[in-house]
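Enquirer: return a 3D structure for these sequence lines:
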Amino acid sequence: MCRHLAYLGPPVTLRALLYDPPHSLVRQSWAPRDMRGGGTVNADGFGVGWYPGTGNPVRYRRAGPIWSDPTLPELAGVTLSGAVLAAVRSATVGMPVQDSAAAPFAEGRWLFSHNGVVRGWPDSIVALAGGLPVRDLVTLDAPTDSALLWALVRHRLRAGASAAEAVTATVREVAAVAPGSRLNLLLTDGASVVASVWDHALSVRVTGDAVLLASEPVDDTPGWQQVPDRRWVRAGPDGVHLGELG
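Expert: Numbering: from 1, shown residues only. Predicted coordinates:
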């Protein structure tokens, strides 16, 4: 398992999201509360993607534990953004630990993260992978289930699907061929966020003009709502909306 979060709202420092809360993403990397059998720590990499205001997002990804990175604390303290996606990674046994295997994955305006595992990897998903363009397969960020999930979602986005359609269709398709998978996805273009909850956990908090989605609440303040399992969530300027996944 991994831990991830997405934020939309008035600009805040990355530090305010990653470090300052009492149960911040950094703390979750070594003291998660709800891994559900997916390991005990998230020490196999991390990544942060943020939108600088105009243009495409910027990413900072590393293969080591987030708590040991010497650069991120200073960077986080001076970087402001109104749209952020961040993740810490617990690699599935047998999958590589490298910078490019850490979320967020990206193309153009899109940032993507996966918290979970595809059961039976890679055999269970070979048929779905075969429907992708060969170029997409040979240019995967890494030979991991998360990178392939991103390729499946991205393929739908390129074909004109909405973010919600791309996420929900991918989750349903993968769940059908790989039962028991945990498919908790985050996808944002900096204006809205779509998330799925499939056999794991996600909580949402709306405060004024800001919305924060996280694998685990980052603090104990009121307002956190746990999203029921087998649901998808879309958060944006028009509020937070939930739908059925199956």
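Enquirer: next, the buried residues of the lengthiest strand in the chain.
Expert: The residue-count maximum for a strand in the chain (DSSP state E) belongs to strand 3-13. For strand 3-13, the neighbour count (16 or more other CB atoms under 10 Å) marks 3, 4, 5, 6, 7, 8, 9, 12, 13 as buried. In this view, the C-beta of every residue, glycine as well, is placed from N, C-alpha and C.
Enquirer: partner strands of that strand, parallel or antiparallel?
Expert: Strand pairing for strand 3-13, using DSSP bridges, gives strand 80-88 (antiparallel), strand 210-214 (antiparallel).
Enquirer: immediately after that strand, which helix or strand?
Expert: helix 14-18 (DSSP states H and E).
Enquirer: okay, the strands paired with strand 3-13, which one's buried deepest?
Expert: Among the strands paired with strand 3-13, strand 80-88 has the highest mean neighbour count (mean count of other CB atoms under 10 Å), at a mean of 25.
Enquirer: mind jotting down where the strands sit in this structure?
Expert: Going by DSSP E, the chain shows strands at 3-13, 46-50, 58-62, 80-88, 105-107, 110-117, 182-188, 193-197, 203-207, 210-214, 225-226, 231-236, 239-244.
Enquirer: and residue 139, which of those strands is closest to it?
Expert: Evaluated with CB to CB, the strands of the chain place strand 105-107 nearest to residue 139, the distance being 10.9 Å.
Enquirer: can you give me the buried ones in that closest one?
Expert: 105, 106.
Enquirer: also stretch 107-125?
Expert: 110-119, 121, 124-125.
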